[in-house]
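# the following comprises the amino acid sequence and a computationally predicted model.
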Amino acid sequence: QVQLVESGGGLVQAGASLRLSCAASGGTFSRYSMGWFRQAPGKEREFVGLISMSGGNTYYANSVKGRFTISRDNAKNTVYLQMNSLKPEDTAVYYCAAARNFGLTTPPAYEFWGQGTQVTVSS
């Protein structure tokens, strides 16, 4: 059983940056591919990006490509989401999730989830 805890959310102005962290415990972190998802009010949870077990491969949704970067530190059991040039449409609750396989972009494919952290971008 893997427990995930996100942190780093907040209220920022458009154009600002934020870095989210997701700390894992209770499992072998390096065995899991990690994904980031987000959910805005009234909308379905959507894929943001993912990173492979080793951190050598990443994949992003088109809406965030070039602005967001995912990294991980397996020694610290932590995955990060660096968000630059934030836009009001990035406002959502952001979740990290763990999957046993790489390359998965749909929520049901992820086995473990954090509780989420709110990101609000004002215009």
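All right, it came through fine.

# identify the residue nearest residue 24 in space, chain neighbours excluded?
Spatially, and ignoring its direct neighbours in sequence, residue 24 is nearest to residue 77 (4.5 Å; CB to CB, 6 or more residues apart in numbering). C-betas here are computed from N, CA, C, even on glycine.

# now do the contacts for that neighbour.
Taking CB atoms under 8 Å, 6 or more residues apart in numbering, we find residue 77 in contact with 23-25, 29.

# among the residues you listed, name the buried ones.
23-24, 29 (16 or more other CB atoms under 10 Å).

# what is the subsequent helix or strand relative to the helix or strand residue 70 falls within?
In the assignment (DSSP states H and E), residue 70 maps to strand 68-73. Per DSSP H and E, the first helix or strand lying C-terminal to strand 68-73 is strand 78-83.

# and the strands in the chain?
Applying DSSP state E to the chain gives strands spanning 3-7, 10-13, 18-25, 33-39, 46-51, 58-60, 68-73, 78-83, 92-99, 112-113, 117-122.

# which one is the residue positioned nearest the centre of the chain nearest to, not counting chain neighbours?
Residue closest to the average C-alpha location in the chain (CA atoms, centre = their mean): residue 36, at 2.5 Å. In space, and not counting its chain neighbours, residue 36 is closest to residue 48: 4.2 Å by CB to CB, 6+ apart.

# one more: residue 59?
In space, residue 59 is closest to residue 50, 5.3 Å off (CB to CB, 6+ apart).

# so how many other residues sit close to that neighbour?
Residues near residue 50, counting by other CB atoms under 10 Å, number 24.

# roughly how far apart are it and residue 107?
Distance, residue 50 to residue 107, by CB to CB, to the nearest Å: 12 Å.

# likewise for residue 85?
With CB to CB as the criterion, residue 85 and residue 107 are 25 Å apart.

# just the CA atoms of stretch 7-20, as PDB, please.
Presented in PDB, the C-alpha positions along stretch 7-20 are these (Å, rounded to 0.1, in the frame of the first residue of the first chain):
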ATOM      1  CA  SER A   7       1.800  19.800  -1.100                       C
ATOM      2  CA  GLY A   8       2.800  23.200  -2.600                       C
ATOM      3  CA  GLY A   9      -0.600  24.400  -3.900                       C
ATOM      4  CA  GLY A  10      -1.800  28.000  -3.500                       C
ATOM      5  CA  LEU A  11      -3.100  31.100  -5.000                       C
ATOM      6  CA  VAL A  12      -1.000  32.900  -7.600                       C
ATOM      7  CA  GLN A  13      -1.400  35.400 -10.400                       C
ATOM      8  CA  ALA A  14      -1.300  34.500 -14.000                       C
ATOM      9  CA  GLY A  15       2.200  34.100 -15.300                       C
ATOM     10  CA  ALA A  16       3.600  32.900 -11.900                       C
ATOM     11  CA  SER A  17       5.200  29.600 -11.100                       C
ATOM     12  CA  LEU A  18       4.500  26.900  -8.500                       C
ATOM     13  CA  ARG A  19       6.100  23.700  -7.600                       C
ATOM     14  CA  LEU A  20       4.000  20.900  -6.300                       C
END
